[in-house]
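**Student:** This is a predicted model, with the sequence first.
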Amino acid sequence: MKPVLTVDNLEKFYKNKGNITKAVNHISFEVQEGEYVGIMGASGSGKTTLLNCISTVDRVTAGHIYVNGKDVTDRKESALARFRREELGFIFQNFNLLDTLTGRDNIALALAILGEDPRKIDGMVESVSRELGIEKIIDKYPYEMSGGQQQRIACARAIITNPSLILADEPTGALDSKSAGMLLESLSLLNEEKNATILMVTHDAFTASHCKRILFLKDGQIFNELVRGTDSRKEFFDKIMKVVSLLGGEKSHAF
């Protein structure tokens, strides 16, 4: 395996009326190709700021972020926009679909922006739709879909460009338990069968139990790390809950 993501001594500070908040404080870790890694922590722990830095939405204060060995922390905005389009796939809590486009067109838009051959786009959309089991809904508009269906369309949009890294920010946060379970099964399938590399921020232990490794943040630093290994998902969930209780985290869905 090779490291898709390397975070090296990362710092992100905010200044407000003379006060400095260390949102991310000397964090280092790697995500290998084909890994499914979760980031957990209480509100204010720095997990969202960390994801924003990795996605280059926020500029880092110090340290470096490497994707496929290339430093992305010192690039100009035009180069960063291209990097996001070509290397990253995004799954947001609130779906971020365009209401005036069907599911098919929302997915296809990601390919059109990259300049993919228009003759190939429809076949690629059909293929990813079959993989995620959304063939019957891709010609609906977002307002005609449930939240879970919208999120699976968003998932298809994120993976259709074959990004190096999929970044998921609380992807189940706006879903009911059944829809969340279906989405998580889809992500696990992508990881196991397509070798997709996924980095997911979540506050929910049930969601995190689908990952293969968890990084726990506290006060902007890595507090603990768990590797699932040969554990069942229930066993991994129980271990996650023990760490969450030490962090003073929120309640979670249970098995």
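**Tutor:** Cool, the structure landed. Because the structure is predicted, anything quoted here is derived from the model rather than measured.

**Student:** Which parts of the stretch 1-150 of the chain are helices?
**Tutor:** 47-54, 77-87, 103-114, 118-132, 147-159 (DSSP state H, counting those that start in this stretch).

**Student:** any chance of the ones you listed in TSV, with mean neighbour count too?
**Tutor:** Backbone N, C-alpha and C define where each C-beta goes, glycine included. As requested, those are exported to TSV (neighbours: other Cβ atoms under 10 Å):
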stretch	mean neighbour count
helix 47-54	22
helix 77-87	13
helix 103-114	19
helix 118-132	15
helix 147-159	24
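
**Student:** Let me see the contact set for the residue nearest to Ile134 when sequence neighbours are not counted.
**Tutor:** Ranked by Cβ to Cβ, 6 or more residues apart in numbering and with sequence neighbours excluded, the top spatial neighbour of Ile134 is Arg152, at 5.1 Å. Taking Cβ atoms under 8 Å, 6 or more residues apart in numbering as the contact definition, Arg152 lies against 132-134, 182-183, 186.

**Student:** ok, which stretches of the stretch 151-255 of the chain are strands?
**Tutor:** For the stretch 151-255 of the chain, strands defined by DSSP state E, counting those that start in this stretch occupy the ranges 165-169, 198-201, 213-218, 221-227.

**Student:** chain center to the shortest one, what's the gap?
**Tutor:** Centroid separation for strand 198-201 versus its chain: 4 Å, with Cα atoms, centre = their mean, to the nearest Å.

**Student:** do the same with the last one
**Tutor:** What separates the centre of strand 221-227 from the centre of its chain is 18 Å, taken as Cα atoms, centre = their mean.

**Student:** on that earlier part again, closest to Thr202 out of the contacts of Arg152?
**Tutor:** Lowest distance from Thr202 to these (Cβ to Cβ) belongs to Leu183, with 11.6 Å.

**Student:** one step back: from the strands of the stretch 151-255 of the chain, which stretch is densest packed?
**Tutor:** When neighbours are counted by mean count of other Cβ atoms under 10 Å, the highest per-stretch mean among the strands of the stretch 151-255 of the chain falls to strand 198-201, a mean of 25.

**Student:** now what about it, what contacts it?
**Tutor:** With Cβ under 8 Å, 6+ apart as the test, strand 198-201 has contacts from 5, 31, 35-40, 47-48, 50-51, 54, 165-171, 187, 190-191, 207-208, 211.

**Student:** Okay, now the sheet partners of that strand, with direction.
**Tutor:** In the sheet, strand 198-201 lines up against strand 36-41 (parallel), strand 165-169 (parallel) (DSSP bridges).

**Student:** which residues touch the spatially most central residue of the chain?
**Tutor:** Residue closest to the average C-alpha location in the chain (Cα atoms, centre = their mean): Ala168, at 1.8 Å. Under the criterion of Cβ under 8 Å, 6+ apart, the contact partners of Ala168 comprise 90-91, 187, 198-202.
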